[in-house]
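Q: Sequence first, then the predicted structure, then my questions.
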Amino acid sequence: MSDTTPAEHHLRVSRTARYWVLGGAAPPAETWIACHGYGQLASRFMEAFAAIASPQRRIVTPEALNRFYLDARIAPHGPDSPVGATWMTREDRLHEIDDYIAYLDAVHTTTVDADAPVVALGFSQGVATAARWAAHTHRRIDAVVLWGGTLPPELEPSSSLFRDARLVLVSGDNDRMVPPSAIDSLGRRLDDAGLRHDRVRHAAGHAVTADALAAVATLVRAGRTL
């Protein structure tokens, strides 16, 4: 290779990540690790879970490592400029995936009580994040909730995809971003692969709703032995 030809290199670095915690003051608390959608921040995403947080249930919302200004203008930004976060883009995607799987492993180690049930939840873009993590981690996960999204393309449904974790699919009847038909199609693929799952539907759009959260929480409790 010529010395004038650029060569791509990678360097692993340490950085500070932030996450938010609500509830779970009475260990061993059931812990939900919930991955937000594209352009969201973990603190705002946490607000949707206030209805189910309790001393016995801890909600943890990790924030994706890549933040950006949500407006499209090319100009200086100020204190009122909206900010969001994304788990990844197509650029250098495999390293991004490795990084957030390691990140979520660290969140699990830091926030989960010994022998307590663990729920991995992903919403929207966070569905692919949570699914990849649940498929590849060696940490204990008792239930996987895919809310308003489908499996990433490289994860083929199989009976062992999430090991023994209970799988719950959630869809909104008025979701224009990920319509119920897309979740129906995923459900059929899961059925064909012999991967058992539950389905929760709600009347809203592309959003996390209190009624659907309560239904998912009931399924998780009912499947405690999984």
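A: Yes, it's here. Numbering: from 1, shown residues only.
Q: which residues in this structure form strands?
A: 19-23, 30-35, 57-62, 66-69, 83-86, 118-123, 143-147, 166-172, 198-202 (DSSP state E).
Q: Let's have those in a markdown table, adding mean pLDDT.
A: Output for those, formatted as a markdown table (pLDDT from 0 to 100):
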| stretch | mean pLDDT |
| --- | --- |
| strand 19-23 | 98 |
| strand 30-35 | 98 |
| strand 57-62 | 98 |
| strand 66-69 | 92 |
| strand 83-86 | 94 |
| strand 118-123 | 98 |
| strand 143-147 | 98 |
| strand 166-172 | 97 |
| strand 198-202 | 96 |
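Q: May I see those strands arranged in JSON lines, with distance to T137 and mean neighbour count as well?
A: The way it works is simple: take the backbone N, C-alpha and C, and place the C-beta from them, glycine included. What follows is the strands of the chain, written out as JSON lines (distance: least, C-beta to C-beta, whole Å; neighbours: other C-beta atoms under 10 Å):
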{"stretch": "strand 19-23", "distance to T137": "16", "mean neighbour count": "18"}
{"stretch": "strand 30-35", "distance to T137": "10", "mean neighbour count": "26"}
{"stretch": "strand 57-62", "distance to T137": "13", "mean neighbour count": "26"}
{"stretch": "strand 66-69", "distance to T137": "20", "mean neighbour count": "12"}
{"stretch": "strand 83-86", "distance to T137": "21", "mean neighbour count": "18"}
{"stretch": "strand 118-123", "distance to T137": "8", "mean neighbour count": "26"}
{"stretch": "strand 143-147", "distance to T137": "11", "mean neighbour count": "27"}
{"stretch": "strand 166-172", "distance to T137": "15", "mean neighbour count": "23"}
{"stretch": "strand 198-202", "distance to T137": "21", "mean neighbour count": "18"}
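Q: right, so of the ones you listed, which gets closest to P6?
A: P6 sits nearest to strand 66-69 of all the strands of the chain, at 23.1 Å, using C-beta to C-beta.
Q: What is the closest one packed up against?
A: Strand 66-69 sits against strand 83-86, with contacts defined as 3 or more C-beta pairs under 8 Å, 6 or more residues apart in numbering; DSSP states H and E.
Q: now for the strand it packs on, which elements pack on it?
A: Against strand 83-86 (3+ C-beta pairs under 8 Å, 6+ apart) you get strand 66-69.
Q: what residues does the strand it packs on touch?
A: The contact list for strand 66-69 (C-beta atoms under 8 Å, 6 or more residues apart in numbering) reads L41, H77, S81, P82, V83, G84, A85, T86, W87, M88, T89, E96.
Q: Neighbours of Y38, how many?
A: 16 (other C-beta atoms under 10 Å).
Q: rewinding a little: okay if I get the strands of the chain as TSV plus distance to A135?
A: Shown next, in TSV, are the strands of the chain (distance: least, C-beta to C-beta, whole Å):
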stretch	distance to A135
strand 19-23	21
strand 30-35	14
strand 57-62	17
strand 66-69	21
strand 83-86	20
strand 118-123	10
strand 143-147	9
strand 166-172	11
strand 198-202	18
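Q: Buried residues in the helix ranked longest in the chain, which are they?
A: Criterion DSSP state H: the longest helix present in the chain is helix 93-111. Buried residues in helix 93-111, counting neighbours by 16 or more other C-beta atoms under 10 Å, are found at E96, I97, D99, Y100, I101, Y103, L104, V107, H108, T111.
Q: got it, and stretch 118-138?
A: 118-135, 137.
Q: that older thread, just the contacts of strand 66-69 now: which is nearest G149?
A: W87 (11.6 Å).
Q: on that earlier part again, could you pull up the mean pLDDT of the longest helix of the chain?
A: Averaged across helix 93-111, pLDDT comes to 97.
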